[in-house]
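Peer 1: quick one, what's the 3D model for this:
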Amino acid sequence: MTITSARWFRLLYASRAAFVLILTLAFFENVVVSDAGCIALLVYAPQHAFAVLPLVLGLIAMCKRRFAIVGLNGATLLVWAIWLFGWNVPLQSLKIRNDTAYEVRVMTYNVQRGERGLPGLLDTIAQQRPDILCVQESQDPTPKRFSFPGDALQAHLQGWHHARGGDVMTFSRFPLLSQRVWPLHDERRVLETTWQTPGGKVRVLNVHIAKSDTEKELQERNFTAFGAQIFANARRASRTRLDQLPQIETAIESDQNVPLIVAGDFNSPPRGPFYRALTSHLADAWKQGGWGNQATFPSRWPLFGIDHIFLRGARVKRAFAPRSLASDHLPLVADVVLTPSEEQFGFENFDFQGAKRTQTGVPTGNFSPRGLSFPLAPSIENAAS
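Peer 2: Modelled structure (predicted):
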């Protein structure tokens, strides 16, 4: 065997090893049900580094015209992109692209306690024009900060209805029918609201998942000890997330007759046991209508897709994460098509801007596919300018 042949065999073996490595990682992150520290680290770590080896090997093979090895590394990168990086092509949304009935725009946004200023937040909201807005970190009553951006948003969202639970708030153009607060972890809550839309009732759960110990415990913990126990801490963080699942599932199953939207900051990527448990009950809006990777954190250089919108009894035409530096998170937006049953139409007590009801009870007239036709409150645009 010549020296040149030996080099290509080593390149081939390295490419095969990279393929097996990516398949193994995909299996552990997407199939294995475990809260072991090593698996938790893999699940919650940025996945970009895992693409370096097959990318370099593929480039070397391409330069030397070894196209079989190029193809092998291309297949490895494809597995990485789909199963680890979370690259998505929304094939399901193509089937409902022309369906414009009862379309509602939902936006979830962690506003970082308003630390980057209110005008940027208002401008971001005004640009996206949501019908339902789920806000996390709407308040920070700690003595050092004592910030309540949710109250400031409420003051500018004139004519909107709202509800609050813990550090989450939900705003909507639609009439609020009911609200309920579910305990989650420490001071975190799940805020359940039911809204009357032109397409029927819709139930919304606004969620902010606690990702680890309380802030006080983290401050008291020695940083060196924290680093030395990295696997134990990763397992504890994973267990903290999983421990909140029963409360969320209880809220989800409390009413199965109304279309459901579950939105918020889940502090979990679209893989791992926590995500799989949620998608066993619900459909991921990004999988239905989002292109590419749904990374929303940090906002300047998004690496993690930890904000999500889930659905039941509804479909998604489009999902996207618009660029904004008004918070450390990007907002996540989804255009949702409601699919309620006939008994969900109940407009007798509400006047949707003079809309007329047909014989089937479906209103016609002065309202838009994305909710009501009245514009975003002028005070928002004025405050953002």
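Peer 1: quick one: contacts for residue 171?
Peer 2: With contact set as C-beta atoms under 8 Å, 6 or more residues apart in numbering, residue 171 has these partners: 132, 133, 135, 153, 154, 157, 160, 161, 162. In this view, the C-beta of every residue, glycine as well, is placed from N, C-alpha and C.
Peer 1: ok, and for stretch 166-182, which residues are buried?
Peer 2: 166-174, 176-177, 179-182 (16 or more other C-beta atoms under 10 Å).
Peer 1: sitting in strands, which of these do you find?
Peer 2: 168, 169, 170, 171, 172, 176, 177, 179, 180, 181, 182 (DSSP state E).
Peer 1: let me have those residues in CSV, extended by pLDDT and distance to residue 329.
Peer 2: Output for those, formatted as CSV (pLDDT from 0 to 100; distance: C-beta to C-beta, whole Å):
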residue, pLDDT, distance to residue 329
168, 95, 13
169, 96, 15
170, 97, 17
171, 97, 17
172, 97, 20
176, 97, 25
177, 97, 29
179, 97, 24
180, 96, 25
181, 96, 22
182, 95, 22
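Peer 1: can you lay out the residues you listed as TSV showing distance to residue 293?
Peer 2: Output for these, formatted as TSV (distance: C-beta to C-beta, whole Å):
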residue	distance to residue 293
168	25
169	28
170	27
171	28
172	29
176	34
177	36
179	34
180	34
181	33
182	31
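Peer 1: quick check: residue 112 touching residue 331?
Peer 2: No - judged on C-beta atoms under 8 Å, residue 112 makes no contact with residue 331 at a distance of 11.6 Å.
Peer 1: my guess is residue 174 contacts residue 193. True?
Peer 2: No - counting by C-beta under 8 Å, residue 174 sits too far from residue 193 to count as a contact (9.8 Å).
Peer 1: which residues of the stretch 201-350 of the chain fall in helices?
Peer 2: 215-220, 223-228, 230-243, 245-253, 272-279, 285-289 (DSSP state H, counting those that start in this stretch).
Peer 1: need these in CSV (columns: distance to residue 295, mean neighbour count and mean pLDDT).
Peer 2: Output for the helices of the stretch 201-350 of the chain, formatted as CSV (distance: least, C-beta to C-beta, whole Å; neighbours: other C-beta atoms under 10 Å; pLDDT from 0 to 100):
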stretch, distance to residue 295, mean neighbour count, mean pLDDT
helix 215-220, 24, 10, 48
helix 223-228, 26, 10, 48
helix 230-243, 19, 17, 83
helix 245-253, 23, 16, 94
helix 272-279, 14, 20, 93
helix 285-289, 11, 25, 94
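Peer 1: so which of these is nearest residue 57?
Peer 2: Nearest to residue 57 among the helices of the stretch 201-350 of the chain is helix 272-279 (27.4 Å), distances taken as C-beta to C-beta.
Peer 1: if you rank the contacts of residue 171 by neighbours, which is first?
Peer 2: When neighbours are taken as other C-beta atoms under 10 Å, the top entry among the contacts of residue 171 is residue 135 (30 neighbours).
Peer 1: ok, the residue lying closest to residue 235 once chain neighbours are set aside - contacts?
Peer 2: Among residues not flanking residue 235 along the chain, residue 37 sits closest, at 4.0 Å (C-beta to C-beta, 6 or more residues apart in numbering). Applying C-beta under 8 Å, 6+ apart, we find residue 37 in contact with 230, 231, 232, 233, 234, 235, 238.
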